[in-house]
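S.K.: give me a 3D structure for the following:
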Amino acid sequence: RLTEVWLDHFNVGVTVPKQFLPWVRFTYDTEVIRPRAMGPFSELLKAVLRAPAMLTYLDQWVSTKEYPVENLAREDLELHTVGLGNFAEHDVKAYSKLLTGATINPNSWAYEYNPKAHYTGPLHILGYRTANRSANGDHLISSFAEYLAHRPATARNVARRLLVHYVEDNPAKGRGDRVSRQYMKHHTDIAATLRYIVDQP
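M.R.: Purely as a prediction, here's the structure:
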């Protein structure tokens, strides 16, 4: 059930006719989502941002410093983490630059980082700042994912996702606030957050 929650949350459409997608989507459930379904949300987010299925589905694998593709950056902010109303257009543009370099190997269909495609220069996204001087910006993906996972807006988004699936269609704000506090208290740990939910009367 929890794997289904995250497959819906980090959706990759299987009917979209894109190169490699049928093959890389096959392992998305078993190798990316399922093993991390009850761990820290931050680790799940890091894995999704490097998942060949997600990189293919949202065209990140063809994103370059000259032509950053904004699809993954926008979807990650709007749906996966902080949610609508909690970011601006300049955040999307800066985030898309941070993600450049993340791609897949067209022969093995595995994740690959291409420093030649990575945009370098200062970036400011939702209060996160980096000089971004190195062409190898792979570590920035993990760093910013950690930052995003710990945002209060992300905590509320994750809390609502779990409550809607396991408890009720329209969770009361107070209940959502209590669950999001547990999420933050346990450093984004999904199992601890879900345990708190099921322990409630």
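S.K.: C-alpha from now on. contacts and neighbour counts both.
M.R.: Fine.
S.K.: where along the protein do the strands fall?
M.R.: Secondary structure of the chain by DSSP state E: the strands cover 102-104, 111-113, 123-125, 128-130.
S.K.: tell me which of those sits most buried.
M.R.: strand 102-104 (a mean of 25; mean count of other CA atoms under 10 Å).
S.K.: so what strands line up beside it?
M.R.: Strand pairing for strand 102-104, using DSSP bridges, gives strand 111-113 (antiparallel).
S.K.: any idea how far stretch 167-176 is from the chain center?
M.R.: How far stretch 167-176 lies from its chain's middle: 23 Å, per CA atoms, centre = their mean, to the nearest Å.
S.K.: and that stretch, average pLDDT?
M.R.: Stretch 167-176 comes out with an average pLDDT of 94.
S.K.: over to stretch 85-95?
M.R.: 98.
S.K.: and for it, what's in contact with it?
M.R.: With CA atoms under 8 Å, 6 or more residues apart in numbering as the test, stretch 85-95 has contacts from 70, 73-74, 77, 123-126, 153.
S.K.: make JSON lines out of those and add distance to Ala145 and pLDDT.
M.R.: Formatted as JSON lines, the contacts of stretch 85-95 follow (distance: CA to CA, whole Å; pLDDT from 0 to 100):
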{"residue": "Glu70", "distance to Ala145": "16", "pLDDT": "98"}
{"residue": "Ala73", "distance to Ala145": "11", "pLDDT": "98"}
{"residue": "Arg74", "distance to Ala145": "14", "pLDDT": "98"}
{"residue": "Leu77", "distance to Ala145": "10", "pLDDT": "98"}
{"residue": "Leu123", "distance to Ala145": "15", "pLDDT": "98"}
{"residue": "His124", "distance to Ala145": "14", "pLDDT": "98"}
{"residue": "Ile125", "distance to Ala145": "12", "pLDDT": "98"}
{"residue": "Leu126", "distance to Ala145": "12", "pLDDT": "98"}
{"residue": "Ala153", "distance to Ala145": "14", "pLDDT": "98"}
